[in-house]
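> From the sequence below, what's the structure:
(4 chains)
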There are 2 protein chains.
Amino acid sequence: MKPADILEIKSLKLFKDMETANFDRLMRGAYMQNFPTQIELITEGEPSDFLHIIVSGVVELFATWNRRETTMATIWPVSTFILAATIKDAPYLMSARTLQKSRVVLLPSQDVRDIFKIDAAFSRAVVHDLAQGYRTVVKNTKDLKLRSSIERLANYLLRQNWRAGSTGKFDLKVEKRLLASYLGMTPENLSRAIKALQPYGVTIDAIHVTISDVADLETLAKPTPSIDNPYH
Amino acid sequence: MKPADILEIKSLKLFKDMETANFDRLMRGAYMQNFPTQIELITEGEPSDFLHIIVSGVVELFATWNRRETTMATIWPVSTFILAATIKDAPYLMSARTLQKSRVVLLPSQDVRDIFKIDAAFSRAVVHDLAQGYRTVVKNTKDLKLRSSIERLANYLLRQNWRAGSTGKFDLKVEKRLLASYLGMTPENLSRAIKALQPYGVTIDAIHVTISDVADLETLAKPTPSIDNPYH
DNA sequence: TAGCTGGGTTGATTTATATCAAGAAATGAC
DNA sequence: GTCATTTCTTGATATAAATCAACCCAGCTA
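Model prediction:
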């Protein structure tokens, strides 16, 4: 692994405050892997042998049951995924696949657990990561249970607009097929939901989104910090 | 607070391994409160001033948006709730109300955070609690996104049956109205879902559930550890 | 360049679920 | 114990969303 990669990983909140010796020990067992697109990195139900860190590319977390599949999240660099399984030494609850050519660092889970036990700063950082993740999933559940598919789409677009700088113009970062699955609907239904938002000033041309009147869209979407603010 | 109550709290995994001095300090700021039924203990969006521990009774966690409401979980003694908000010093994402006369211990969040910073055993225990909670919510999301309402009910009944000792006979622990909300459906739809399970050997008379042939119900429910096993 | 492929859209239809309304059963208050 | 309130159930209907089928179109590839 290149020194620049190690520096980037060390800059993650999860590792920033830990003892240097412990971080170095963690990195000694780490290795970087390059994956092509559409490779299944981990599989639901298997033991969590590695904590994964995505350094470049994109990864989809998805779950399957009874021949059905749903997208749970997309993971962007630089961040870790499947921390809870690693810490608990429990099987993965989700599968992961690359959506693009991606570089991923694999940290042996046993090392992570060992160092978690002896490094207080690291274990506190793990807490914050997990608490954050927990709260994100709770928000997600509220979104799913309390909103219709059109409302979910409207709020998703407002969140993305905000992330992109609130200019009213941004590009979708994932395929519509995937977005539909993430939002808990079919691709056909997403197409129709997009059309249903036209009266509220939303147009989506291929991946290019325009929101002409954010306030108008908000009258429909009714965003709330306790679902839609990722830092709340 | 009675010594017996303190002992019971100390026996919780979350507190078991922490320094006695720190536990005592935590308990010094704690106080027990008795609440009648249907009292709102905490409200979504407010700052998390206390970590709550339910000692007797039942508490419902619920969320609201746009005049809609949904049940997120029911909490049984003895356990804590809203740990993530306390640790992150972030607003509550859910509201909580008593479903029965309940005794609840309130620990000032600031004390919890202070001790979390200095007690390594406690912070590790917090990690395990959060990781557990995180995984529970992920399973819940998979249940919601991948299964129909009848499938969710069928699997819920199988889980409850297993918890009650797999005898094929047990009582519902919550009102059907609440169960419906937890499972993401209307009370009317729950009634119909129950009828739809009759051909699979399920009868529910008031709160009394009978599953005459677990294997038969499982052909419909298709339970899987990575959604339905709480210890997985 | 022609043909192929996969994502995306659209329309027709079906299915799942919610809503509305009414009555029955259970529960709690006095 | 009785009355009032709430929960639960059932039937009729409406709505949301999924499915099925056809087609379009951009990007590849042979």
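
> what are the ranges of the strands in chain A?
A:31-35, A:40-42, A:50-56, A:59-65, A:68-75, A:79-81, A:95-98, A:102-108, A:169-171, A:202-205, A:208-211 (DSSP state E).

> Get me the contact residues on chain A for DNA strand C.
With C-beta under 7 Å from any atom of the strand as the criterion, chain A meets DNA strand C at residues A:175, A:176, A:177, A:178, A:187, A:188, A:190, A:191, A:192, A:194, A:195, A:204. No exception for glycine: its C-beta is placed from N, CA and C like everyone else's.

> In contact with the second one, which residues are there?
Yep, that's residue A:176 we're talking about. Applying C-beta atoms under 8 Å, 6 or more residues apart in numbering or on different chains to residue A:176 gives the contacts A:187, A:190, A:191.

> you'd agree residue A:150 is up against residue A:199?
No - if you go by C-beta atoms under 8 Å, residue A:150 and residue A:199 don't touch, sitting 11.2 Å apart.

> neighbour count winner among these two?
residue A:150 (20 against 9; other C-beta atoms under 10 Å in any protein chain shown).

> and the more buried one, what does it touch?
A:193, A:196, A:197, A:220.

> Go through those residues and say which is closest to residue B:157.
residue A:193 (33.5 Å; C-beta to C-beta).

> Run a quick neighbour tally on the closest one.
Quick note: residue A:193 (other C-beta under 10 Å) scores 20 neighbours.

> what's it in contact with, if anything?
Here residue A:193 is in contact with A:149, A:150, A:153, A:185 (C-beta under 8 Å, 6+ apart).

> Please report the distance of the first one from DNA strand D.
Computed as C-beta to the nearest atom of the strand, to the nearest Å, the residue A:149 to DNA strand D distance reads 4 Å.

> and the residue nearest to that residue when sequence neighbours are not counted, what is it in contact with?
Using C-beta to C-beta, 6 or more residues apart in numbering or on different chains and skipping the chain neighbours, the partner closest in space to residue A:149 is residue A:185 (4.5 Å). Residue A:185 makes contacts with A:149, A:152, A:193, as judged by C-beta under 8 Å, 6+ apart.

> thinking again about what came up before, can I get the contacts of residue A:176 in TSV including pLDDT, distance to DNA strand D and neighbour count?
Below are the contacts of residue A:176 laid out as TSV (pLDDT from 0 to 100; distance: C-beta to the nearest atom of the strand, whole Å; neighbours: other C-beta atoms under 10 Å in any protein chain shown):
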residue	pLDDT	distance to DNA strand D	neighbour count
A:187	97	8	14
A:190	98	8	22
A:191	97	9	14
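
> Just those residues: which are in helices?
A:187, A:190, A:191 (DSSP state H).

> So the first one sits against residue A:177, correct?
Looking back up the chat, that one is residue A:187. Yes - between residue A:187 and residue A:177 a contact is recorded at 5.0 Å, counting by C-beta under 8 Å.

> which stretches of chain A have low pLDDT?
Within chain A, no stretch has pLDDT under 70.

> Quick one: the helices in it, in order.
Assigned by DSSP H, chain A shows helices spanning A:3-10, A:13-16, A:20-28, A:83-88, A:109-118, A:120-146, A:149-163, A:176-182, A:187-196, A:214-221, A:225-228.
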